[in-house]
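In: Quick one: sequence plus predicted model below, questions after.
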Amino acid sequence: MGVLFTYMNSEVKSAGRILDLLEYLSVLREPASLSQIIRDLKLPKSSAHGLIQTLAARGHVVQDAAGHYMLVEASRHGFPFRRHEEPLVVTAMPFMERLRDESGETVLLGTMNAHCDLRRLAKCVSHHPVRYDVNMDAAITAHCTATGRVLLAHAPAEALEDYLSRVRFLSYTRYTITDVKQIREVLAKVRRDGYAINDQEFVTGSTGIAAPLFGAEGNVIAALNLGTLTSRYVERREELLLKLRSTADQISRALGYRR
């Protein structure tokens, strides 16, 4: 019985450490290094490394470009990644961080399902005191957001027609386009140009631009979005578009896409 008790006690201890680690990461605003985790939680190095690798393998934790750890954003907001989304986030995150740092603006990653419902998978928030930011679990409107327009523009024809026939197009600001014919024209332009713009159509004073991310099979699997204040976008329009599209191309290539 002594051996059995020791084994069970060890298992409970490991479970407690996993929960401590999850709770610790959930309140951090920045990624944490392994040494910081060990110091703050007073864990043995071997145990901390094993626990963090277990969480990473299960898709709850990712590493940034510096090797620091953070909770996957979707896990914080109540919905797990689907199997195909985890490698997308892991691949895209270092590029998103670099785009955030080089542009100074907030970067978002979003996807769409077969019913044209959108959801955000990850974000890298601008360090500007006044910046664009969103709740990861907040609803996303497809017809008047840059992410939505990119994904609608590349959606299968049947899915797009179903969306356009059943959705009531609400006006969120005085700039929102709600006419179906105009929306079709906007989506056709997105396909031609290779990017989408939402200029104060969802939130007054904010502008979003988005570009498609292509998977290895050549289909659009996600959208990369850069969100900023409209005043800053006007001053740097061409620069921000160039940085966004270049980063989207790099992520697509990292995902195995070849033109």
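Out: Received the coordinates, thanks. Not measured: the values here are computed from a predicted model.
In: Name the nearest residue to His49, ignoring sequence neighbours.
Out: For His49, ignoring the flanking residues on the chain, the nearest one in space by Cβ to Cβ, 6 or more residues apart in numbering is Leu34 at 6.5 Å. Heads up, the C-betas are built off the backbone N, CA and C, glycines and all.
In: Now do the contacts for that neighbour.
Out: Leu34 makes contact with Lys45, Ala48, His49, Ile52, Gly67, Tyr69, according to Cβ atoms under 8 Å, 6 or more residues apart in numbering.
In: Mind doing that once more with 10 Å?
Out: Neighbouring residues of Leu34 by Cβ atoms under 10 Å, 6 or more residues apart in numbering: Leu43, Lys45, Ala48, His49, Ile52, Gln53, Gln63, Gly67, His68, Tyr69.
In: The fourth one: neighbouring residues, count only.
Out: I take that to be His49. Neighbours of His49 under the rule other Cβ atoms under 10 Å: 14.
In: Doesn't it lie inside a strand?
Out: No - assessed with DSSP: H, G, I helix; E, B strand; the rest coil, His49 is helix; it does not lie in a strand.
In: wait, doesn't it sit right on Ile37?
Out: Yes - the pair His49 and Ile37 passes the contact test of Cβ atoms under 10 Å, sitting 9.3 Å apart.
In: in which helix or strand would I find Ile221?
Out: strand 220-229 (DSSP states H and E).
In: same for that strand, what does it pack against?
Out: helix 85-103, strand 106-112, strand 118-124, helix 146-153, strand 196-199, strand 206-214, helix 230-254 (3 or more Cβ pairs under 10 Å, 6 or more residues apart in numbering; DSSP states H and E).
In: switch the cut-off to 7 Å
Out: helix 85-103, strand 106-112, helix 146-153, strand 206-214, helix 230-254 (3 or more Cβ pairs under 7 Å, 6 or more residues apart in numbering; DSSP states H and E).
In: how much does the fourth one deviate in direction from helix 85-103?
Out: Regarding strand 206-214 and helix 85-103, their directions subtend 130 degrees when assessed with axes from the mean of the first three to the mean of the last three Cα atoms, to 10 degrees.
In: Would you mind finding the most buried of the helices and strands packed on strand 220-229?
Out: Mean neighbours per residue, mean count of other Cβ atoms under 10 Å, is largest over these for helix 146-153, with a mean of 27.
In: quick one: average pLDDT of that helix?
Out: Averaging pLDDT along helix 146-153 gives 97.
In: any residues touching that helix, and which ones?
Out: 108, 110, 112, 116, 118, 140-142, 160, 163, 186-187, 190-191, 196-198, 208-212, 220, 223, 225 (Cβ atoms under 7 Å, 6 or more residues apart in numbering).
In: ok, 8 Å please
Out: With contact meaning Cβ under 8 Å, 6+ apart, helix 146-153 is reached by 108, 110-112, 116, 118, 140-143, 160, 163, 186-188, 190-191, 195-198, 208-212, 220, 222-223, 225.
In: ditto for stretch 15-24
Out: 32, 37, 40-41, 43, 47-48, 51-52, 54-55, 60, 71.
In: what's the distance between the residue nearest to Leu244 when sequence neighbours are not counted and Thr106?
Out: Spatial nearest neighbour of Leu244, excluding adjacent residues (Cβ to Cβ, 6+ apart): Leu226 at 4.8 Å. Computed as Cβ to Cβ, to the nearest Å, the Leu226 to Thr106 distance reads 7 Å.
In: and what of Ala159?
Out: 28 Å.
In: cool, and Tyr24?
Out: 25 Å.
In: Ala139 too?
Out: 18 Å.
In: now Gly67
Out: From Gly67 to Thr106 the distance is 23 Å (Cβ to Cβ).
In: is it true that Arg191 lies in a helix?
Out: Yes - Arg191 sits within a helix when classified using three-state DSSP.
In: sorry, back to before: okay if I get the helices and strands packed on strand 220-229 as TSV plus distance to Tyr175?
Out: What follows is the helices and strands packed on strand 220-229, written out as TSV (distance: least, Cβ to Cβ, whole Å):
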stretch	distance to Tyr175
helix 85-103	23
strand 106-112	20
helix 146-153	13
strand 206-214	10
helix 230-254	10
